[in-house]
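Here you go, sequence then predicted model.
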Amino acid sequence: MLLREFVKQVRSALNMAAILSLILGAAVITAQVPTQHTDLDAYTGVYQYRNGATVAIIPKNADLVAIIGQGLYPVKRVQGDEFRNGPGQSVRFQRNGHGVVDGLFEGSDFFPLLSHEVPSALAALLVPATPGADYRSAEPPDLRDGLAVATPNEVGVDPKILDALTQSILDERYPNVHSILLWKDGKLFFERYFYGYNAATPHELRSATKSFDSALVGIALGKKLIPSVDARVVDLLPPAVPPYKNLDSRKEKMTLSDLLSMRNGLACNDYDPKSPGNEQNVYNQPEWVRFAMDLPMDATPGTVAHYCSAGPHIAVRIVEHASRQSVLEFAEANLFKPLGFSGYRWPYQTVNTNSNTFGELFLRPRDMLKFGILFAHGGVWQGKQIVPADWVKRSTTPVTKIGSKTYAYFWWHQNFSVHGNGETREVDTILATGNGGQKIFIVPAYRLVAVFTGGNYNSDKDTPPNEIMPEIVLPGILKAVPHPAKK
């Protein structure tokens with residue numbers, strides 16, 4: 001379906017929804033559709049991309065948006081047919097002899113135009129309101145999936161606050177938020193989906209996958225498949241043939257604990273583009289784990305923390321070697337099936353042909369919520385211990401800092417200053433987080449778990465949940481629970 005036809009249909013559907021709401025006397029929640037610029041329409045289409053993938057280019061407001069898989073990436077004009085993507089790389093569109101765009105260059109790589117038409121499912125990712133969705137405050141549906149439901153009033157939260165939150169997403173005050181789920185006191189009381197997503201759609205987790213990696217390590221430890229977090233990494237991995245490069249006494253002493261806390265000592269820093277182990281360098285390699293273990297050391301393990309996405313891949317390889325199963329097989333048997341996950345995908349291969357998915361996990365937001373609840377309940381789900389209780393505590397206990405933020409074992413801690421009831425409170429949250437706005441917040445003091453998914457990849461607006469939590473969600477909870485639980 002052509003993009004302009006899709007936008008016309010969505011606008012018509014939204015107008016009809018507003019009319020019906022007025023007739024029924026319900027609260028009217030409206031949505032904006034993207035303003036299209038004829039000048040930019042020339043670039044609209046689906047192009048070939050790397051490793052057999054495609055990239056869709058769609059105008060929105062004064063910019064272009066590139067869609068790869070589920071990811072939305074801003075592309076800003078420099079001049080004429082010259083643009084730049086989020087990391088600053090040149091994107092130049094090519095025109096044929098008739099002046100019609102027929103391909104694009106990203107850097108020096110050329111990708112031909114496949115079609116001027118963009119599938120409606122991709123175009124929907126730019127429109128906040130999901131057609132057919134009911135955005136009025138109501139109890140989430142009971143899907144009999146292990147999640148009890150309630151109305152906001154039943155857990156003491158003013159539904160008007162949640163209506164205002166919904167409207168702010170539709171108005172794009174907080175852009176590209178794909179879903180919000182709020183659970184408190186054992187009940188899911190708020191569940192909303194935007195931008196074409198729904199409860200059945202698995203969402204990419206990006207680096208929030210790391211917290212699942214941590215849980216699998218804990219399960220393997222609980223099963224005595226791995227002796228200890230103090231065991232040496234070189235002893236836990238399959239025998240290296242040939243031996244690892246740059247193998248000095250520091251690398252030999254690196255422990256599993258050092259890996260989990262991002263203090264592995266390897267020359268691996270995703271925040272430094274010049275680092276040999278920067279994730280962009282890793283994903284281009286034939287085998288990521290081998291490449292990571294061959295990196296030189298730049299610190300004594302256990303002393304300095306750098307965010308290193310290669311570390312979790314090493315930890316997962318340890319789980320696979322210890323269990324003699326693929327990570328998906330191990331996760332299905334010990335985590336996914338016990339929690340009742342469905343519709344998930346985990347295309348986990350640590351090779352450069354998998355660079356489009358980064359080895360990440362794809363989960364439905366309700367299953368992300370179950371994982372958060374599992375950790376909020378000490379590793380117990382429906383009366384059964386899934387993750388060892390001591391691991392839940394240990395893996396979420398602060399160990400170090402990465403920059404100004406507190407880090408545990410592939411889990412973060414994030415503190416919010418929350419204003420409400422005439423006072424300001426500091427609220428600590430345990431956080432799984434990924435690029436684009438994938439978040440699982442566990443808030444022990446308020447018996448709250450909040451899940452967000454989003455599409456703000458490589459964007460300067462990638463933190464809407466970090467604003468929504470202190471500005472809307474936590475103040476609303478503060479009114480419902482004036483006296484937080486003691487630890």
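Here it is on my side, so go on.

When you work out contacts or count neighbours from here on, use the C-alpha atoms and nothing else.
Fine.

what mean pLDDT does the host helix or strand of residue 165 have?
Residue 165 is part of helix 159-170, with elements assigned from DSSP states H and E. For helix 159-170, mean pLDDT is 95.

check contacts around residue 369.
Residue 369 makes contacts with 181, 183, 440, 449-451, as judged by C-alpha atoms under 8 Å, 6 or more residues apart in numbering.

ok, of those residues, which one's closest to residue 379?
In terms of C-alpha to C-alpha, no member of these lies closer to residue 379 than residue 449, at 14.2 Å.

Flag every buried residue along the helix or strand hosting the closest one.
Secondary structure here is read from DSSP H and E; on that basis residue 449 sits in strand 448-454. Along strand 448-454, these residues count as buried under the neighbour rule (16 or more other C-alpha atoms under 10 Å): 448-454.

The lengthiest strand in the chain pairs with which strands, and in what direction?
Looking across the chain with DSSP state E, the single longest strand is strand 423-434. Strand pairing for strand 423-434, determined by DSSP bridges: strand 412-420 (antiparallel), strand 438-443 (antiparallel).

got the CA positions of that strand in PDB?
Below are the C-alpha coordinates for strand 423-434, written out as PDB (Å, rounded to 0.1, in the frame of the first residue of the first chain):
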ATOM      1  CA  GLU A 423       7.600  16.400  49.000                       C
ATOM      2  CA  THR A 424      10.400  15.000  47.000                       C
ATOM      3  CA  ARG A 425      11.500  11.400  47.300                       C
ATOM      4  CA  GLU A 426      14.400   9.500  45.800                       C
ATOM      5  CA  VAL A 427      13.100   6.300  44.300                       C
ATOM      6  CA  ASP A 428      15.500   3.500  43.300                       C
ATOM      7  CA  THR A 429      14.600   1.200  40.400                       C
ATOM      8  CA  ILE A 430      16.200  -2.000  39.100                       C
ATOM      9  CA  LEU A 431      16.400  -1.700  35.300                       C
ATOM     10  CA  ALA A 432      16.800  -3.800  32.200                       C
ATOM     11  CA  THR A 433      17.300  -1.500  29.300                       C
ATOM     12  CA  GLY A 434      17.900  -1.500  25.600                       C
END
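
Pull the distance from that strand to the chain's centre.
Taking C-alpha atoms, centre = their mean, to the nearest Å, one finds strand 423-434 lying 17 Å from the centre of the chain it belongs to.

that older thread, tell me the one of the buried residues of strand 448-454 nearest residue 469?
Using C-alpha to C-alpha, the buried residues of strand 448-454 come closest to residue 469 at residue 450, 8.7 Å.

My read is that the closest one contacts residue 179, right?
No - the pair residue 450 and residue 179 does not pass the contact test of C-alpha atoms under 8 Å, sitting 10.4 Å apart.

just to revisit the earlier point, so can I have a markdown table of the buried residues of strand 448-454 showing pLDDT and distance to residue 244?
Conversion of the buried residues of strand 448-454 to a markdown table gives the following (pLDDT from 0 to 100; distance: C-alpha to C-alpha, whole Å):
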| residue | pLDDT | distance to residue 244 |
| --- | --- | --- |
| 448 | 98 | 45 |
| 449 | 98 | 42 |
| 450 | 98 | 42 |
| 451 | 98 | 40 |
| 452 | 98 | 40 |
| 453 | 97 | 38 |
| 454 | 94 | 39 |
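
where does the stretch 351-487 of the chain dip in pLDDT?
Counting by pLDDT under 70, the stretch 351-487 of the chain contains low-confidence ranges at 460-462, 482-487.

on that earlier part again, the strand holding residue 449 vs strand 438-443, what angle?
Taking axes from the mean of the first three to the mean of the last three C-alpha atoms, to 10 degrees, one finds strand 448-454 and strand 438-443 inclined to each other by 170 degrees.

Great, nothing more from me.
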